[in-house]
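In: attaching a predicted model along with its sequence, questions to come.
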Amino acid sequence: MYQEHFGLRAAPFGLTPDTDFFFAQASHQAALNTLLVALRAGEGFLKITGEIGLGKTTLCRRLLRALGEEGESRWVTAYLPHPAGSRAALITMVAEELGCLPRTVREREPELLLGTIQRRLLKVARTGARTVLVVDEAQALPDEALEVVRLLTNLETERDKLLQVVLFGQPELDQRLARPELRQLRQRIGFSHRLGALSHAQFGGYVAHRLTVAGGAPELFADDALDLLYRASRGVPRTINMLCHKSLLAAYGPGAPRVGRAHALAAIADTESARLPLWQWPAALLREHPGWLAAALGAGAGLALLLRYVA
């Protein structure tokens, strides 16, 4: 819609995870580095947690892309973006991802299927490659499914694990694993990392990076607009993308050459997940609409007099 107007060849702030836009800022790059080093070292169990909207799925796909770039002769990956709830369903999904799901219903019984998966893992190991199971939204798995994941990591040769597992989940995953009944699984985790929100400095780099990848100018957003957008987004990438997209729409409507403070305020007002500190609204709006504060104060004074009269 606004791409041609701003000289963009792609939409820079889409909500769909796109590894081309991966921003190597401190928290996410550190997590990716940790994962790659640990997997190459043969660690069996890894965990990444973070609040909603912090970019876990993008990081997950960036990991899969990095492993894929190293070649199938080194890595075989299985990716569960929305893991099934039951034990049997999870086993079936793993077998399907590994390309070893039998055709007959009888052979798909959970216990038989576990044997099929083990044979597949052994076959991969003989080629010198390693198999990695990546599970997104792992906090949604019931205990019986998490136990299956633990059992799968028991499969090993004399020297190496046959399956390495990476769990991505919301902070609730940490709370689940802290329970006594899941202590065996918790003790298996060799490396873990907690994703954080972007700092103010990282936010500016993030917006500029996405604009550059999309073919636009990094200076498309005015500094005061960026400051408002950062405070309203609290550094959460998903909210940042939403606000920046709406800001571009707000600027495109009247044909503005770049995003200013008024466009940012319009985007914030239209986004439920955005919160701008109350003390910033009057000052910001006063600059754009000088009569706003006087009208608000007048209405407040009138209401106070009315309440006093009624009392």
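Out: Yep, that arrived.

In: enumerate every residue touching residue 163.
Out: By CB atoms under 8 Å, 6 or more residues apart in numbering, the contact set of residue 163 is 44, 121, 131-133, 152-153, 155. To be clear about C-beta, it is placed using only N, CA and C from the backbone, and glycine gets the same treatment.

In: swap in 10 Å and give it another go.
Out: For residue 163, the contact set (CB atoms under 10 Å, 6 or more residues apart in numbering) comprises 44-45, 76, 78, 94, 98, 117-118, 120-121, 124-125, 130-133, 149, 152-156.

In: one more: residue 180?
Out: Residues touching residue 180, when contacts are defined by CB under 10 Å, 6+ apart, comprise residue 186.

In: need the pLDDT of it.
Out: Looking at residue 180, its pLDDT stands at 91.

In: can you check residue 215 too?
Out: With respect to pLDDT, residue 215 scores 94.

In: residue 297 now?
Out: Spelled out, the predicted local distance difference test score at residue 297 is 39.

In: show me the strands in the protein, by range?
Out: In the chain, the segments counted as strands under DSSP state E are 45-49, 75-80, 130-135, 163-169, 191-194.

In: if we can go back for a sec, quick check on the contacts of residue 163: which are buried?
Out: A residue is treated as buried here by neighbour count (16 or more other CB atoms under 10 Å); on that basis the buried members of these are 44-45, 76, 78, 94, 98, 117-118, 120-121, 124-125, 130-133, 149, 152-153, 155.

In: what's the first-to-last distance across stretch 124-139?
Out: Taking CA to CA, to the nearest Å, stretch 124-139 runs 29 Å from one end to the other.

In: I meant stretch 65-78, not that one.
Out: Rule used - CA to CA; the end-to-end distance of stretch 65-78 is 12 Å.

In: ditto for stretch 212-219
Out: In terms of CA to CA, the two terminal residues of stretch 212-219 are separated by 10 Å.

In: show me what counts as buried in that stretch.
Out: With burial defined by 16+ other CB under 10 Å, the residues of stretch 212-219 counted as buried are 213-214, 216.

In: chain center to it, what's the gap?
Out: Here the centre of mass of C-alpha atoms in stretch 212-219, compared against the chain's by CA atoms, centre = their mean, to the nearest Å, lies 22 Å away.

In: kindly report the same for stretch 163-178.
Out: Averaging C-alpha positions (CA atoms, centre = their mean) puts stretch 163-178 14 Å from its chain's average.

In: mind jotting down where the helices sit in the stretch 51-200 of the chain?
Out: 56-69, 87-97, 110-126, 143-152, 172-177, 183-188, 200-213 (DSSP state H, counting those that start in this stretch).

In: out of those, which comes closest to residue 231?
Out: helix 200-213 (8.7 Å; CB to CB).

In: output the contacting helices and strands for the closest one.
Out: In terms of contacts (3 or more CB pairs under 10 Å, 6 or more residues apart in numbering; DSSP states H and E), helix 200-213 is packed against helix 26-40, helix 223-233, helix 237-252.

In: one more time with 8 Å, if that's ok
Out: When contacts are defined as 3 or more CB pairs under 8 Å, 6 or more residues apart in numbering; DSSP states H and E, helix 200-213 sits against helix 223-233, helix 237-252.

In: could I get the strands of the chain as JSON lines with distance to residue 223 and mean pLDDT?
Out: Converted to JSON lines, the strands of the chain look like this (distance: least, CB to CB, whole Å; pLDDT from 0 to 100):
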{"stretch": "strand 45-49", "distance to residue 223": "33", "mean pLDDT": "94"}
{"stretch": "strand 75-80", "distance to residue 223": "40", "mean pLDDT": "95"}
{"stretch": "strand 130-135", "distance to residue 223": "39", "mean pLDDT": "96"}
{"stretch": "strand 163-169", "distance to residue 223": "34", "mean pLDDT": "95"}
{"stretch": "strand 191-194", "distance to residue 223": "31", "mean pLDDT": "90"}
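
In: any chance of these in TSV, plus distance to residue 240?
Out: As requested, the strands of the chain are exported to TSV (distance: least, CB to CB, whole Å):
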stretch	distance to residue 240
strand 45-49	20
strand 75-80	25
strand 130-135	25
strand 163-169	20
strand 191-194	19
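
In: nearest to residue 27, out of those strands?
Out: Distances from residue 27 to each of the strands of the chain were compared using CB to CB; the minimum, 8.1 Å, belongs to strand 191-194.

In: ok, now which ones touch the residue nearest in space to the middle of the chain?
Out: For the chain, residue 55 is the residue whose C-alpha lies nearest the centre (CA atoms, centre = their mean; 2.1 Å). Listed by CB under 8 Å, 6+ apart, the contact set of residue 55 reads 17, 28, 195, 237-238.

In: ok, 10 Å please
Out: 17, 22-23, 25, 27-28, 31, 62, 195, 197-198, 206, 236-238, 240-241.

In: lovely, talk soon.
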